[in-house]
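S.K.: Provide a 3D model corresponding to the input given below.
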Amino acid sequence: MPNSSQLRIVDLRDTIAVVLAAGLGKRMGGEMPKVLAELRGKPLVNWVVEAIQAAGISRIIVVIGHKGELVQQALAGVEVEFVWQRKLLGTAHAVMQARSQLESHTGEVIVFLGDVPLIQTETVNQVVGLHRDKIAAATILSADLPDPSGYGRIVRQADGMVERIVEDRDADDKIRSIKEINSGLICFSTPELLSALNEVSDDNAQGEYYLTDVAEIFRARGLPVAAWKADDPIEIAGVNSPEQLAVLEEAAARQETPGQ
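M.R.: The predicted model follows:
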């Protein structure tokens with residue numbers, strides 16, 4: 001199963017990033033967009049955009065929704081494009097809002113979550129490198145978690161490639177026993193992604209259009225789906241509560257003062 005700390009550098013200048021930043025932050029104790037929660041004095045979405053820029057990706061599309069004008073203000077002066085998700089109907093629906101910006105693009109698009117701030121440049125490079133090695137339609141950043149509750153599980157084939165991703169609410173006990181989870185960061189072949197989005201359904205426990213369903217659509221078409229497992233799960237940790245934000249505060253502080 002692919003995983004290595006060996007440094008790898010890939011050219012991402014022709015890659016587009018789509019940042020999902022439309023969600024609410026109810027569990028954070030307010031009505032502000034979740035991506036505006038601050039980590040060490042800086043909104044989460046700014047951390048994500050800076051990580052994307054550091055990876056060498058110059059075109060960044062940010063999907064905004066609930067109080068999106070506040071996200072626009074947080075990113076004022078940053079070279080990004082905004083698209084609106086007026087109804088929050090799921091992650092695939094969010095990406096669909098950027099269809100017109102992506103239709104002429106033949107390279108890769110990487111979907112990032114706007115509340116996952118500690119992703120590292122090296123990890124983005126590894127995901128895209130594997131994607132190109134496998135000539136994959138999609139390559140997922142995954143991680144093993146001791147408690148994977150709430151996350152979509154990665155179901156692998158015997159050869160290590162991905163068969164499908166099953167969301168926690170739709171999983172049976174066997175699937176829930178899997179520790180490898182989907183981080184939300186996925187690299188796609190853009191033409192294949194746009195084609196598959198046409199087949200995504202909202203027939204699931206939440207009644208939403210899941211971007212993760214694209215993996216199974218690809219497999220049904222005979223297209224390869226790969227996954228790169230992160231060395232450090234903190235990189236893929238998102239923020240759904242003040243307690244999770246506190247954990248990331250400590251992790252970010254350690255990154256700033258290595259060796260402590």
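S.K.: pLDDT score assigned to R8?
M.R.: With respect to pLDDT, R8 scores 80.
S.K.: list the contacts of it.
M.R.: E122, N125, Q126, G129 (C-beta atoms under 8 Å, 6 or more residues apart in numbering). Any C-beta I mention is one placed from the backbone N, CA and C, and that applies to glycine too.
S.K.: next up, the contacts around the second one.
M.R.: Going back to what we said before, that points to N125. Contact analysis of N125 by C-beta under 8 Å, 6+ apart lists R8, I9, V10, L12, A55.
S.K.: ranges for the helices of the stretch 1-150 of the chain?
M.R.: Remark: helices assigned in the stretch 1-150 of the chain by DSSP state H, counting those that start in this stretch are 44-54, 68-74, 91-96, 99-102, 121-133.
S.K.: for V109, which of those is the nearest?
M.R.: Closest to V109 of the helices of the stretch 1-150 of the chain is helix 99-102 (C-beta to C-beta; 6.1 Å).
S.K.: so how far is V109 from the spatially most central residue of the chain?
M.R.: Nearest to the geometric centre of the chain sits L185, at 2.5 Å (C-alpha atoms, centre = their mean). Separation of L185 from V109 (C-beta to C-beta, to the nearest Å): 12 Å.
S.K.: so the longest helix belonging to the chain versus helix 44-54, what angle?
M.R.: Counting residues, the longest helix found in the chain (DSSP state H) is helix 242-256. In terms of direction (axes from the mean of the first three to the mean of the last three C-alpha atoms, to 10 degrees), helix 242-256 departs from helix 44-54 by 40 degrees.
S.K.: other SSEs contacting helix 242-256?
M.R.: Where contact means 3 or more C-beta pairs under 8 Å, 6 or more residues apart in numbering; DSSP states H and E, helix 242-256 is packed against strand 38-39.
S.K.: so for the strand it packs on, what's the average pLDDT?
M.R.: 96.
S.K.: what's next to it, contact-wise?
M.R.: The contact list for strand 38-39, computed with C-beta under 8 Å, 6+ apart, reads L44, W47, P117, V239, L245, L248, E249, A252.
S.K.: partner strands of that strand, with direction?
M.R.: strand 42-43 (antiparallel) (DSSP bridges).
S.K.: show me where the stretch 151-260 of the chain has strands.
M.R.: Along the stretch 151-260 of the chain, counting by DSSP state E, counting those that start in this stretch, strands occupy 153-156, 162-166, 180-189, 225-229.
S.K.: what is the shortest one packed up against?
M.R.: In this structure, strand 153-156 makes packing contacts with strand 162-166, helix 173-176, strand 180-189, judged by 3+ C-beta pairs under 8 Å, 6+ apart.
S.K.: pick the most buried one from the helices of the stretch 1-150 of the chain.
M.R.: Each of these was scored by mean neighbour count; the highest is helix 91-96, a mean of 23, by mean count of other C-beta atoms under 10 Å.
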